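[1] Coordinates for the following, if possible.
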Amino acid sequence: MSATTATRPAADEPDALREIKRRRQAREARPEEGLAAHTVESYLTRHREQIVAEMDALTGKLVEELHEACAKAKESLRAEFAAEAATAGPKAVLMVAQTGPHKGIAFKMTVGTTACFVGRSSGKKFREKGISLPKDNEVSTTHAKIELQRGAVVLVDVGSTNGTTVDGAAIEEGKPHPLKAGSTVVFGASTFAVHSIGASS
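    The predicted structure follows:
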């Protein structure tokens, strides 16, 4: 009789598969009775039928476990998307110029499906929906944008000449940088305080 070594089941291995392995190991550990009465063909055939019978008996249980796992995964995804949707609405962002030629001016923006642009331009989308800084010659025409990504307000430098800093650190061009209340942002010669970020009324 040959000794068999039980392998430790993986933590995520289905119970039905572990049961199949357990039965196989138990069968291999037992001495064969009447072995001399079998031909090689009949011996292999008998074991094949045993394995098939075991798998048939356990397939239903394995399928049930897989269905339960899929159902749990679906519920988890639904909860995750629901939580994300709850925070994905438009955000009201208030930024106040602390230094520069526009010092003291407060800019209130609604950040939602479209971005709010920051720049020296006096175009409508800057004046009405973003931050227009026509007196600051250090600011590029289109300097940066503030947008909503996965429910969070982010700042993106869109390729400005003099760059953008947040809390004293330069941000990478084209890479979204999280924006939060209390942060200090510098565009050109203008320093801004992020006064508040909240749900848009």
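
[2] what about this protein, any weak spots by pLDDT?
    1-17, 20, 23-24, 27-40, 43-44, 46, 83-88 (pLDDT under 70).

[3] Distance of the most centrally placed residue in it relative to residue 170?
    Geometric centre of the chain, nearest residue: residue 150, 9.1 Å, by C-alpha atoms, centre = their mean. According to C-beta to C-beta, to the nearest Å, residue 150 stands 24 Å off from residue 170. Just so you know, the C-beta spots here come from the backbone N, C-alpha and C atoms, and that holds for glycine as well.

[4] tally of neighbours for residue 122?
    Neighbour count of residue 122, defined by other C-beta atoms under 10 Å: 11.

[5] Spatially nearest residue to it (excluding sequence neighbours)?
    Nearest residue to residue 122, sequence neighbours excluded (C-beta to C-beta, 6 or more residues apart in numbering): residue 134, at 5.0 Å.

[6] ok, now which ones touch that neighbour?
    120, 121, 122 (C-beta atoms under 8 Å, 6 or more residues apart in numbering).

[7] Would you state the strands of the protein in chain order?
    With strands called from DSSP state E, the chain shows them at 91-99, 106-111, 116-119, 131-132, 144-149, 152-157, 164-166, 169-170, 177-178, 184-187, 190-199.

[8] Since that was my last question, I'll sign off now.
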